[in-house]
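Enquirer: What would the 3D arrangement of this be:
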Amino acid sequence: MKNVFKLNRAGFAFFCAALSLVSIGSNASAAEKIVIGFSQATMNSTWRVAMLEGNKKYAAEHFPDVELMVTDGQNQAGKQVSDVRSLMTQGIKVLIISPVQAEPLTSIVNQVMQANIPVITLDREVNTKVTCRIGAQNRPIGVDAGEFIIEKLNGTGNVIEIEGTVGASATTDRHEGFRDALREAPRIRVVADQFCDYLREPAMKFVEDTLKRFGPGQVQAIYAHDDAMALGAMQVVEAAGRLKEIAIVGIDGENNAFQAIKDGKLAATFTYPFCAPEGIQYAYNLAIGEQVPD
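Expert: Residues are numbered from 1 along each chain as shown. Predicted coordinates:
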């Protein structure tokens, strides 16, 4: 099988149903501004930086009357809850949020909705009704990754799973979809898995420790919930001289992952949209009183 990048069949879907603030906008007076809050789960991720920058760029080019107030949750649910509370005091007309975890952010998002402030979730979800959800379906991506690994390994082998953030909807869905697929291949076994918060360094440490437990020939594939962790795993596997025996699969479709596939070091990545510029487009529509699909 050739190394490939994969466009997941889930596609891109819209489902509408101490704090540091960064303010982006033109020089128009504050009274003329439409203030939109953007609560990002973390900025310690190239994919999430691209999500934010894509929405910021579109806002700057198309919505000069928008002031975008950005917060960084630093991958801590408690910090993100505080961020959202602060944004509510800033007079935001709409909240865009990509939550660290579903349950811890549910209550504060519900409070925002109760205050008649529309809420748009990007990528991840919360356990309450919001105005609009934008993202791809993560469970089918997990299924696709599992089916790819089954084919790559001819139905037999040991796999390491590197999970994202515990309690995040994307993590749950990517894990469950993957395990659903593997039920069709009883001779493939997940021998180790760990939450690594979608970050490269924790993934590298986990893979390094795991490869010490499972020597050459004992691991045939690694499934990572994002490309950052997949690329970290690749670095460790390459250093161990085991790239030829371990197929590594990631998610997101980052440029570095595409290059690694071309170089023969990564087996596949499954593309996931940045939710940009759709996040700011829908937020602006809501802010000026227009309807968005539900």
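Enquirer: Could I get the contacting residues of Y272?
Expert: Under the criterion of C-beta atoms under 8 Å, 6 or more residues apart in numbering, the contact list for Y272 reads N8, W47, D123, A136, I141, I251, D252, G253. All C-beta atoms are positioned from the backbone trio N, CA, C, and that covers glycine.
Enquirer: now do 7 Å
Expert: If you count contacts by C-beta atoms under 7 Å, 6 or more residues apart in numbering, Y272 has them with A136, I141, I251, D252, G253.
Enquirer: Nearest spatial neighbour of it, chain-adjacent residues omitted?
Expert: Excluding its sequence neighbours, the residue lying closest to Y272 (C-beta to C-beta, 6 or more residues apart in numbering) is D252, at 5.0 Å.
Enquirer: Would you mind measuring from the one you found to T269?
Expert: Relative to T269, D252 is positioned 6 Å away (C-beta to C-beta, to the nearest Å).
Enquirer: more crowded one of the two?
Expert: Here D252 and T269 are compared on neighbour count by other C-beta atoms under 10 Å; more neighbours surround T269, at 29 against 25.
Enquirer: wait, is that one part of a strand?
Expert: Yes: T269: assigned to a strand according to DSSP: H, G, I helix; E, B strand; the rest coil.
Enquirer: For it, give me its contacts.
Expert: Contacts for T269 (C-beta under 7 Å, 6+ apart) come out as F5, K6, D227, A230, G250, I251, D252, G253, A257, I261.
Enquirer: Among those residues, find the lowest-pLDDT one for me.
Expert: Across the contacts of T269, the smallest pLDDT goes to K6, namely 49.
Enquirer: All the helices of the stretch 151-294 of the chain, residue numbers only.
Expert: Assigned by DSSP state H, counting those that start in this stretch, the stretch 151-294 of the chain shows helices spanning 169-182, 200-213, 227-239, 255-262, 278-287.
Enquirer: closest one to N55 among those helices?
Expert: helix 278-287 (4.3 Å; C-beta to C-beta).
Enquirer: quick one: buried residues of the closest one?
Expert: E278, G279, I280, Q281, Y282, A283, Y284, L286, A287 (16 or more other C-beta atoms under 10 Å).
Enquirer: Can you list the low-confidence ranges for this protein?
Expert: Scanning the chain for pLDDT under 70 picks out 1-31, 294.
Enquirer: what about 50?
Expert: Counting by pLDDT under 50, the chain shows low-confidence ranges at 1-4, 6-7, 9-24, 26-29.
Enquirer: what about the longest helix in it?
Expert: helix 46-62 (DSSP state H).
Enquirer: hang on, the earlier thing: mutual contacts of D252 and T269, please.
Expert: D227.
Enquirer: The protein - how does it break down into domains?
Expert: Under the assignment automatic domain parsing, the domains of the chain span 13-135+275-287, 138-271.
Enquirer: Output these as TSV; include the columns distance to P293.
Expert: Below are the domains of the chain laid out as TSV (distance: least, C-beta to C-beta, whole Å):
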stretch	distance to P293
domain 13-135+275-287	5
domain 138-271	20
